[in-house]
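Novice: Quick one: sequence and predicted model below, then my questions.
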2 protein chains.
Amino acid sequence: MTTTLPSPELIASFIDIVGSANALTNPADLAPYLVESRGLYKGTTPMVLRPGSVEEVSRIMKLASATRTAIVPQGGNTGHVAGQIPREGKADIVLSLQRLNRIREIDPVGNVIVADAGCILADIQKAADDHDRLFPLSLGSEGSARIGGNLSTNAGGTAVLAYGNMRQLCLGLEVVLPTGEVWDGLRRLKKDNTGYDLRDLFIGAEGTLGVITGAVLRMFPKPLGHQVAFAGVGSVEHALALFDTASSLCGTALTGFELMPRLGVEFTARHIPGVRDPMQTVHPWYALIDISTSDSAESAERMVHELLEQGIVAGLVENAVIATSEEQRKALWHMRESMSPAQKPEGGSIKHDVSVPVSSIPSFMKEADAAVMRAMPGARICSFGHMGDGNIHYNISQPVGADKQAFLDRWREMNAIVHGIVAKYNGSISAEHGIGQLKRDELVEVRSPIEIELMRRIKHAFDPAGIMNPDKVLRAD
Amino acid sequence: MTTTLPSPELIASFIDIVGSANALTNPADLAPYLVESRGLYKGTTPMVLRPGSVEEVSRIMKLASATRTAIVPQGGNTGHVAGQIPREGKADIVLSLQRLNRIREIDPVGNVIVADAGCILADIQKAADDHDRLFPLSLGSEGSARIGGNLSTNAGGTAVLAYGNMRQLCLGLEVVLPTGEVWDGLRRLKKDNTGYDLRDLFIGAEGTLGVITGAVLRMFPKPLGHQVAFAGVGSVEHALALFDTASSLCGTALTGFELMPRLGVEFTARHIPGVRDPMQTVHPWYALIDISTSDSAESAERMVHELLEQGIVAGLVENAVIATSEEQRKALWHMRESMSPAQKPEGGSIKHDVSVPVSSIPSFMKEADAAVMRAMPGARICSFGHMGDGNIHYNISQPVGADKQAFLDRWREMNAIVHGIVAKYNGSISAEHGIGQLKRDELVEVRSPIEIELMRRIKHAFDPAGIMNPDKVLRAD
């Protein structure tokens, strides 16, 4: 695979496929496609192609394949690991899926949406809602994240407890392969055991095996009951015990169970307009509990009261509020979703997206906190996340008054400390964000050589020329 | 890969690994490993190896790899597509996992069981039950089917609606690769986005990519409420409308929704000891509805009554009974699970395990019935199954008084008719049983060349020597 700039003739051939209006080459036009949200990576590219059809994507890949030109698929550019950003100093061409944003079909009886990969997540949610259905994937960036990216990173978000990750929300895929051939796997079947699971291989592959261009997504009946509670708890252990109680009591009606530290609540109240601490009392930890029921509105109400009562009696819940309106429910979720942005005004933040077995969360956090504080006295740990999934966004804000760049320069060092403890618990260094460029070189350290070897063989089997989003997930040979 | 008989020296080397007591070569000892339940396939083998440890499995595969000896992994030998049976006239060695049947660990807090692949499904269910947890996979052969086989076929069964297939019930795997290397993927994480999804590739691969030796399985809180109802309905359309109602009303509390024809109920009442039609009235179709609730026993009761009431008011339910004891609930399920064995005394039965989008079930069945009756007047169609999953076991019993062998000789012809109509609905020719040998040559007809080509590349990437359960799923090159 070549890394030299494509010739003017090749550039012209790519332009021919999408038309000049959809082939960007002007540096100012390219800029938004080259930086990811956290500003950790900045890529270079000779051009951004914005195809308007699957046929055009196929022609782009055919030409790329014939000329060994590296292609980087990109959706809403909201990824956190730079999987969607072209490599620095190379000549990767960006293939933006933004114009492939048509909802092809909505079938409320079959409970499926067939959509182009470039549809914005919030538009899919709205389309389902318009048909009195729920598309449950929900995450902070839903206003700009696109379905193809959600699929390529097997996105998680806030409703995984009840509905699963993107992998569980997708029945079928359409993928343009590195050769330009189109795999039509747009099936709508709940059960299909006919050979190897190609769908789940493309999901989470971060665009390194092919370009997802379309998907069959699952919709669900809208819940009749919805309750959100916010509980102050004394410790992570107590939060875990409360989660266990909620799990037993609510089963799959427990749609979310999010953990937040006092520091995070303070950050959001301080920096995010409209967010305020809903309680007068102060607690070291908080749980946001989301319950959705399908049989009636009353059953959610019964459950939330029963849960808090049991939690208080067991000494787990110190204080709690239950949202009494949709507005209040949204406000509580808004606080949770502001945890990450609220860290920004506090200076640098070193992030981790880790998971451990749910029952190990308290001991993992105790150990990680101690190690981080030893290495960096004054560090402000703001770890929050999807407790019910064992997924903690273990973020570290810089010490007050510290130099931001000097702090951020210790990113790898702090990663090594936290991920070392994750490894002890047989956890994951990327619970939901993926590997991309950010964690690529760490992946080979935390996974066995045979696992990396199997991944390499899959990559080679699907993309022998190595043109498909190279150097992401795995380093190119 | 050789198909000639292994030399006495090679045989001796294999025996050395497991010890002579666990290396069967006597024809009488081999017999039970060579025939599958329906008697459609009979294989040949020089020996059956019964390793007692993962280490022994690894040594077997190393030797097989070095000598290019074909290996067929086998669990409980309950598969329906002859994936677990060695090829006829070849020299495949059977690797039985039956002795690898230890439950390695039960963690009721983390809600996981870590088990050897040779554990019997019913033993896993019981182990979970002993810890006040539920392992939801349930199917007719659970008393002899083994976890490794359940995983290798991505088994479905009767609780898929609420809990998913085996793929959703497994968090991690341990697999011995064709080379003898061991992939330790025994993770217990709910979320883990670190590279390609190897787990879901091995699940459902029918032992053609490696030998599953261990797994981390998910457990769930035991439901507090459980109700089973049996409803007579006038048509498949009405059954579908009732399913939609149940789905909206119960959400994930709807654990099962099974469709049965009058003929099937008659067959079970006639041939299965202890089964009787629970209603005085006669109906063309029946739905078995299973509801499990986690918040209280009462909510299941409320739901089942509300559902039947709505069904009666809407003219969907003609008559219904609700089981009032655990014994009655078991009896209703026993009738459903006897649908297949009850066909045996009626003569030959040509089976299909198909799926279509749920909303297409009525039109699919109408079309298939008409085509089958045109081709074979007098055929007795006994199609039943997991309506909520779109999965119909479309079985055809021979005409009364017909010659059994002459009827069975038309297996492929009837398959072609039914599967042709399945294809029209973009359905699957194997919803839950897999491909094995039985559907291997049909797979290439119903899937696109590029899909088959991708599967071949995966097979080659994992098993370049072609020794791992060859000629299953895909024909060996």
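Specialist: Yes, it's here.
Novice: From residue B:191, how far out is the residue most central in space within chain A?
Specialist: The centroid of chain A falls nearest to residue A:155 when counting by Cα atoms, centre = their mean (4.0 Å). Distance of residue A:155 to residue B:191, computed by Cβ to Cβ, to the nearest Å: 10 Å. Every residue, glycine included, has its C-beta placed from N, CA and C.
Novice: One more: residue A:380?
Specialist: Taking Cβ to Cβ, one finds residue A:380 at 25 Å from residue B:191.
Novice: One more: residue A:249?
Specialist: 23 Å.
Novice: Give me the neighbour count for the spatially closest residue to residue A:357 that is not a sequence neighbour.
Specialist: Nearest non-adjacent residue to residue A:357, counting by Cβ to Cβ, 6 or more residues apart in numbering or on different chains: residue B:188, 4.4 Å away. Other residues within reach of residue B:188, judged by other Cβ atoms under 10 Å in any protein chain shown, total 25.
Novice: what's the helix or strand harbouring residue A:333 packed up against?
Specialist: Following DSSP states H and E, one finds residue A:333 within helix A:326-337. Helix A:326-337 is packed against strand A:225-233, strand A:254-261, strand A:285-293, with contacts defined by 3 or more Cβ pairs under 8 Å, 6 or more residues apart in numbering or on different chains; DSSP states H and E.
Novice: Tell me the first helix or strand C-terminal of it.
Specialist: Counting by DSSP H and E, the next helix or strand C-terminal to helix A:326-337 is strand A:349-350.
Novice: Do the helix or strand that comes right after that following strand and chain B come into contact?
Specialist: Scanning forward in sequence from strand A:349-350 by DSSP H and E, the next helix or strand is strand A:353-355. Yes. Contact between strand A:353-355 and chain B, assessed by Cβ under 8 Å from any Cβ of the partner chain, occurs at residue A:355.
Novice: and strand A:353-355, what other elements does it pack with?
Specialist: Using 3+ Cβ pairs under 8 Å, 6+ apart: strand A:353-355 touches strand A:391-397, helix A:411-424.
Novice: hmm, the last one in reach of chain B?
Specialist: No. Helix A:411-424 stays out of contact with chain B when judged by Cβ under 8 Å from any Cβ, the minimum separation being 10.2 Å.
Novice: If you count neighbours, what's buried in that helix?
Specialist: In terms of neighbour count (16 or more other Cβ atoms under 10 Å in any protein chain shown), helix A:411-424 has its buried residues at A:411, A:414-415, A:417-419, A:421-422.
Novice: What is whichever helix or strand comes after it packed up against?
Specialist: The helix or strand immediately downstream of helix A:411-424 is helix A:440-446, counting by DSSP H and E. For helix A:440-446, the packing partners by 3+ Cβ pairs under 8 Å, 6+ apart come out as helix A:411-424.
Novice: Mind listing residues that contact the helix it packs on?
Specialist: Applying Cβ atoms under 8 Å, 6 or more residues apart in numbering or on different chains, the external contacts of helix A:411-424 come out as A:350, A:352, A:354, A:356, A:364, A:367-368, A:371-372, A:375-376, A:394, A:396, A:428-429, A:442, A:446.
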